[in-house]
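In: Here is a sequence together with a model predicted from it:
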Amino acid sequence: MNKILAMATTALLMTTATIVPAWAQPTNSNPLSDVRVRQAIAYAIDMDTIVDTLLEGKAIAAVGLLPNGPYKPNDLNPYKYDPEKAKELLKEAGWDSNRELDLVYYYKDQVTADMMAAFQAYLADVGIKVNYRLLEGDVPAQLSTVPKDPVNGPSAVKWDLAYGALAALALQEYYNRYETGKSAYLPGTPEMDKLIADINSSSDPAVQMPAFHAIEKFENERVDLVPLYYQQLFIYQSDRVDRNGGQYGNEQYSYDWGINNWTVKPDAEGKKTLYTNTGPAQFFELPWLNLGKFIHNKIVFDKLIIADGNLTPKAGQLAESYNVSDDGKTVSFTLRDGITWHDGEPITVNDVSWSIETAAKIPNIHPVVSATFLAIEGAKDFVDGKAQHISGIKTDGKTITLNFAKADPNVLLTFSQFAPLPAKYFEGVDPLQLQQSQFWQKPIGSGPFKIADVKMNDYVTFVPYDKYYGGVPQIDQIVALPSDDNDPNLVKNASAHRLDFGYTKNTGDVAALEGMDFMKVTPADIPYTRMLWINQYPKQ
């Protein structure tokens, strides 16, 4: 590390210095609340070697949370592997080498298990004992439960370190979850809250960029988490499939991939069947959390507008047009004529307004979507039970107008991902119990394909919806096998010609897919960072 930077860092961390900011001091009884310990963890892990070996060179060692690009400053400390520096920092912090940290993870692939063993060895080398374990059951609750006191704790989760990832829809998502009252491991601070407010204050890149630079530099010094690596997403496609010019993009979200124009080689009987994964195991997941993760999110449920492969919103899908006021605080959408649900009933603005109000109340919703809806005038009163409807939502004929209390920088991005639902199927259903509705055993949607046969934990078939406003797809049938995006059977099923397209972020699968002469693998650059979260709340 540069000698000048090393001298400056040492001066900052000296506990006797009068200029040390409050956040650089241990804030409670948890030794992980000491910035020197967190920086030591960052210095202790040799990510360059892990990328070259375990990840087979198919990732980039991370410097900062944000992916490489103009929104990230170029003067961040990279925390290059330096075990001696880590030992120095731990000594200054008075680290107890007998203390044992609990490291949790939730990916079930072998590469992740090997990485946990590598982390354990690297940290042991500098004097930090770690045991690692796989989370099972209700993983979100075990990872993300926020303490009742979001400043002083105690912690509502058991772990000390957690290995996870963020595939961001919008760059603000990298930081919005650290606002006071939203994080399971980071105690709220006024400094962080102010920086978060700044990155959400405008949709103008000239305003956003310096705000992102400031928050990245602040977090780079604090090391509330350790950014590990950035990774591409890998789209695989068999030689049976022709996208006919359709785009490749971030498959974790919905975009204009032109599936209506895809063609598939027919079988011996002349039927054109396409095989994929990310089908349901027990129920179809509500499409408001993992916005494009599962196949039904993309082909069964349409959105008001659509995004291109770079997730830039544009007109299309259920709304024939939209308008945004100059100040960004009024947005309107006008629905197409003749659009229907798969049961043949019309799609109305009342379905859209009901969907927005319901989504504002539920916990299992994507944070970017939630932030948009909670910014609408009257949303807080509605969520708090002080009003029967969100006052900022108005409908007139085929047009729905949203008036915002403050401009949301991602409003159009939200509506390119948010799928309205048919309100009539949820009469009397508590929004908090929405996922438990029988509807999710065979949902009625609005997209180019409808659900035909459902054999939970076996397969689901989708067939073209013959009244689809965008024209009838050329594929006769799509068969989806059950999995999430981390499919342990991907290579086996692909080898058996039971997968024609899909995506993976598991670098261990990529070499095997590339070795199949009938499979094409296309890498896609996405905002995706894997990291170690560090729990700074005191334990009970």
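Out: Received, thanks.
In: Help me confirm that Ser332 is found in a helix?
Out: No - counting by DSSP: H, G, I helix; E, B strand; the rest coil, Ser332 is not part of a helix but strand.
In: Can you check the pLDDT for it?
Out: Ser332 carries a pLDDT value of 97.
In: Only the buried residues of stretch 326-342, if you could.
Out: Gly328, Lys329, Thr330, Val331, Ser332, Phe333, Thr334, Leu335, Ile339, Trp341, His342 (16 or more other C-beta atoms under 10 Å). (C-beta placed from N, C-alpha, C; glycine too.)
In: hmm, who's touching that stretch?
Out: 203, 300, 304-305, 318-325, 346-349, 352, 398-408, 411-412, 415, 422, 444-446, 450-451, 465, 467, 469 (C-beta atoms under 8 Å, 6 or more residues apart in numbering).
In: ok, then the element right after the helix or strand bottoming out on mean pLDDT in the chain?
Out: Least confident element among the helices and strands of the chain, by mean pLDDT, DSSP states H and E: helix 3-13 (a mean of 39). The C-terminal neighbour of helix 3-13 among helices and strands, as given by DSSP states H and E, is helix 35-44.
In: model confidence over whichever helix or strand comes after that next one, on average?
Out: Counting by DSSP H and E, the next helix or strand C-terminal to helix 35-44 is helix 47-52. Here helix 47-52 scores 96 as its mean pLDDT.
In: now do stretch 183-196
Out: pLDDT averaged over stretch 183-196 gives 95.
In: For that stretch, buried residues please.
Out: Ser183, Ala184, Tyr185, Leu186, Pro187, Gly188, Thr189, Met192, Leu195, Ile196.
In: check contacts around the fourth one.
Out: Contact partners of Leu186, counting by C-beta under 8 Å, 6+ apart, are Tyr178, Met192, Asp224, Leu225, Gln536.
In: got it, and Pro346?
Out: With C-beta under 8 Å, 6+ apart, Pro346 has these contacts: Ile339, Thr340.
In: Renumber starting at 728 from here on
Out: Got it, the first residue is 728 from now on, which makes the last one we talked about Pro1073.
In: what about stretch 862-876, start to end distance?
Out: Stretch 862-876 has an end-to-end distance of 25 Å (C-alpha to C-alpha, to the nearest Å).
In: coming back round to it: closest to Phe1166 out of the buried residues of stretch 910-923?
Out: Minimum distance to Phe1166 across those is 30.5 Å, recorded for Ala911 (C-beta to C-beta).
In: Just read off the phi/psi values of that closest one.
Out: phi -80, psi -20 (degrees, to the nearest 10).
In: Distance check, it against Ala868.
Out: Counting by C-beta to C-beta, to the nearest Å, the gap from Ala911 to Ala868 is 10 Å.
In: What of Val934?
Out: 37 Å.
In: Please apply the same query to Asp775.
Out: Asp775 sits 35 Å away from Ala868, going by C-beta to C-beta.
In: pLDDT below threshold where in the stretch 1128-1267 of the chain?
Out: Along the stretch 1128-1267 of the chain, segments meeting pLDDT under 70 are nowhere present.
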